[in-house]
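Student: I need the structure of the sequence given here:
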Amino acid sequence: MSAEPTTSDEARDGALVPLTMPREGVPDVITDERALLRAAEAVVAGSGPVGMDAERASGYRYGQRAYLVQVRREGAGTFLVDPIAVPDLSPLDEAIGAAEWVLHAATQDLVCLAEVGLRPRVLFDTELAGRLAGLARVGLGAMVEHYLGLRLAKEHSAVDWSSRPLPEPWLRYAALDVEVLVDLREAVHADLEKQGKTGWATEEFASLLSFTGPEPRTDPWRRTSGIHRIRARRGIGIVRELWLWRDELARQRDVAPGRIVPDAAIAEIAIAHQRVERVPRSLGSSDPRVARSIRRHEQALLDGIARALDLPEDELPPLSLPSAGPPPPRTWAERDPVAAARLSRARELLGGLSEELAIPVENVLTPDLLRRYLWEGPAAPTTTDVAKALTEMGARTWQTTLAAPLIARACAEHPLA
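Tutor: All right, here's what the predicted structure looks like:
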């Protein structure tokens, strides 16, 4: 099995062609149902896979909703749809039907596309395909350069897509992003076939069809940057109160929470007041950005501190939550030496397989699955035992076929006493 990704002649020679204008020019943005229905009719008359993309306003707006949806199909052209003006895109979904979607980094877009009525029946993820094909760089721009010999500008990737009207350069960028997807799909698919990995990719893509986003966290406020520096439960309580206040205000204003008060301000305030007994008269910071946000919302922040200080000790949140999974691997040697030895050996074996196949080890088998399986301490598992357990945990067949014999070997080399 070859693990060397193929490269276009242009990319080999270093002669990249700048991609500056869509083939049919920049299409008008669809902002009414009549235009959406015309687009749907054109998509039905087209042929082949459908390139799909979505632009969000991460860092500007609350949540991850789509503010522009891009669709392209051979024989139909490219369509740019404003899902704020036309929030129900089910006519497009019906027009696409069972045709294959082509996306790049599908998990970033599937949820927001589903919110507007677009759900794939079959899909091809070019980023994931690039990982399986052995590419070191799997961003869209890097893969387009590698396979198609084209340079795709990415300077508008982090702009505020909730702005209206959207500037023409942004729309040009959006149209070009989706224009290259089907050609890229064909190139990386040929690479996977050459390496004998198409079956693996097919399993991976099928598993994405049920993706509905990450599991909701028990205490999402514990993701606040800098919370690890807080050593008292009162400080943790302050973080919770300020985070919940900020989140509700951000939701009401439809703005990214960090634009109201950055995490750095919440952590700094909590650290400074984690052991006080009285609410301070004022707040400040030596960091100019933090100081500005504190001045703007000082009274609300002081009120949050007061709520945390008023809580009885037994109502304060714990410093940390008990882990639902295995403990950190660094503690295994002391707590379970056999499990630690098995984990070390399995990592070594899987790492060697990863290099041989030119696939990131986390794609061969996620580290979480490996840890969860080995910490449970199977006595003397066979390859079949390992494969069955990994499958029940969510591993794909191709992953268990490759990983199960190696994990069984690691267990056999380090038997339980």
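Student: separation between Ala15 and Val180?
Tutor: Separation of Ala15 from Val180 (C-beta to C-beta, to the nearest Å) stands at 17 Å. Every residue, glycine included, has its C-beta placed from N, CA and C.
Student: Between the two, which is the more surrounded one?
Tutor: With neighbours defined as other C-beta atoms under 10 Å, Ala15 and Val180 compare such that Val180 has more, 24 against 10.
Student: Nearest spatial neighbour of the more buried one, chain-adjacent residues omitted?
Tutor: Once flanking residues are discounted, Val180 sits nearest to Val144: 5.3 Å by C-beta to C-beta, 6 or more residues apart in numbering.
Student: Tell me the helices and strands packed up against whichever strand or helix holds Glu145.
Tutor: Using DSSP states H and E, Glu145 maps to helix 140-148. Helices and strands touching helix 140-148, by 3 or more C-beta pairs under 8 Å, 6 or more residues apart in numbering; DSSP states H and E, are helix 9-13, helix 126-133, strand 150-152, helix 181-195.
Student: Mean neighbour count, the ones you listed: which tops it?
Tutor: Ranked by mean neighbour count, the helices and strands packed on helix 140-148 are led by helix 126-133 with a mean of 24 (mean count of other C-beta atoms under 10 Å).
Student: State the mean pLDDT of that one.
Tutor: Helix 126-133 comes out with an average pLDDT of 98.
Student: Now do that helix and helix 140-148, the angle between them.
Tutor: 60 degrees (axes from the mean of the first three to the mean of the last three C-alpha atoms, to 10 degrees).
Student: contact partners of helix 126-133?
Tutor: Outside helix 126-133, the residues within contact range by C-beta atoms under 8 Å, 6 or more residues apart in numbering are 5, 102-106, 138-140, 143, 181, 184-185, 188-189, 191-192, 195, 197, 200-201, 204-205, 208, 358-360, 363.
Student: Compute the inter-axis angle for it and helix 181-195.
Tutor: Interaxial angle, helix 126-133 versus helix 181-195 (the same axes, to 10 degrees): 20 degrees.
Student: Tell me where the stretch 201-350 of the chain has helices.
Tutor: Using DSSP state H, counting those that start in this stretch, the helices of the stretch 201-350 of the chain run over residues 233-253, 263-272, 288-296, 298-310, 332-335, 337-357.
Student: Could you list the alpha-carbon positions for the second one in CSV?
Tutor: These are the backbone C-alpha positions of helix 263-272, laid out as CSV (Å, rounded to 0.1, in the frame of the first residue of the first chain):
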residue,chain,number,x,y,z
ASP,A,263,-12.1,35.7,29.7
ALA,A,264,-9.0,37.4,30.9
ALA,A,265,-11.1,39.9,32.8
ILE,A,266,-13.2,37.3,34.4
ALA,A,267,-10.2,35.3,35.5
GLU,A,268,-8.4,38.3,36.8
ILE,A,269,-11.3,39.5,38.8
ALA,A,270,-11.9,36.0,40.3
ILE,A,271,-8.2,35.6,41.2
ALA,A,272,-8.1,39.0,42.9
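Student: can you give me how far it is from the chain middle?
Tutor: Distance of helix 263-272 from its chain centroid, counting by C-alpha atoms, centre = their mean, to the nearest Å, is 27 Å.
Student: Just want the angle from that helix to helix 233-253.
Tutor: Using the same axes, to 10 degrees: helix 263-272 against helix 233-253 is 150 degrees.
Student: what helices or strands is helix 263-272 leaning on?
Tutor: Against helix 263-272 (3+ C-beta pairs under 8 Å, 6+ apart) you get helix 233-253, helix 288-296, helix 298-310.
Student: Gly351: neighbour count?
Tutor: Gly351 - counted by other C-beta under 10 Å - has 13 other residues nearby.
Student: What distance do you get for it to Arg253?
Tutor: Distance, Gly351 to Arg253, using C-beta to C-beta: 47 Å.
Student: swap in Ile271?
Tutor: 27 Å.
Student: any weak-confidence spans in this protein?
Tutor: Applying pLDDT under 70 to the chain picks out residues 1-4, 7-14.
Student: how's it carved up into domains?
Tutor: What automatic domain parsing lists as the domains of the chain is 9-208, 220-315, 329-413.
Student: could you dump those domains to JSON lines with distance to Pro214?
Tutor: Converted to JSON lines, those look like this (distance: least, C-beta to C-beta, whole Å):
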{"stretch": "domain 9-208", "distance to Pro214": "9"}
{"stretch": "domain 220-315", "distance to Pro214": "11"}
{"stretch": "domain 329-413", "distance to Pro214": "13"}
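Student: tell me the contacts of Gly25?
Tutor: Counted by C-beta under 8 Å, 6+ apart, Gly25 has zero contacts.
Student: Same check on the one 10 residues further on?
Tutor: With contacts taken as C-beta under 8 Å, 6+ apart, Ala35 has the following neighbours: Asp28.
Student: where does it land in three-state SS?
Tutor: Applying DSSP: H, G, I helix; E, B strand; the rest coil to Ala35 yields a three-state assignment of helix.
Student: any idea how far Arg330 is from it?
Tutor: 57 Å.
Student: Over to Leu357?
Tutor: 28 Å.
Student: what about the helices in the stretch 51-200 of the chain?
Tutor: Under DSSP H, counting those that start in this stretch, the stretch 51-200 of the chain gives helices at 90-96, 106-115, 126-133, 140-148, 168-179, 181-195, 198-208.
Student: In this structure Val279 contacts Arg307, no?
Tutor: No. Taking contacts as C-beta atoms under 8 Å, Val279 lies outside contact range of Arg307: 9.7 Å.
Student: what about stretch 76-85, how long is it end to end?
Tutor: Using C-alpha to C-alpha, to the nearest Å, one end of stretch 76-85 lies 22 Å from the other.
Student: which residues does Glu55 form a beta bridge with?
Tutor: Leu68 (DSSP bridges).
Student: That one contacts Ser163, correct?
Tutor: No. Counting by C-beta under 8 Å, Glu55 does not reach Ser163; the two are 10.8 Å apart.
Student: more neighbours, the two?
Tutor: Glu55 (26 against 12).
Student: From Val81, how far off is that one?
Tutor: Counting by C-beta to C-beta - Glu55 and Val81 are separated by 11 Å.
Student: what residues are shared contacts of the two?
Tutor: Common neighbours of Glu55 and Val81 (C-beta under 8 Å, 6+ apart) are Leu68, Val69, Gln70.
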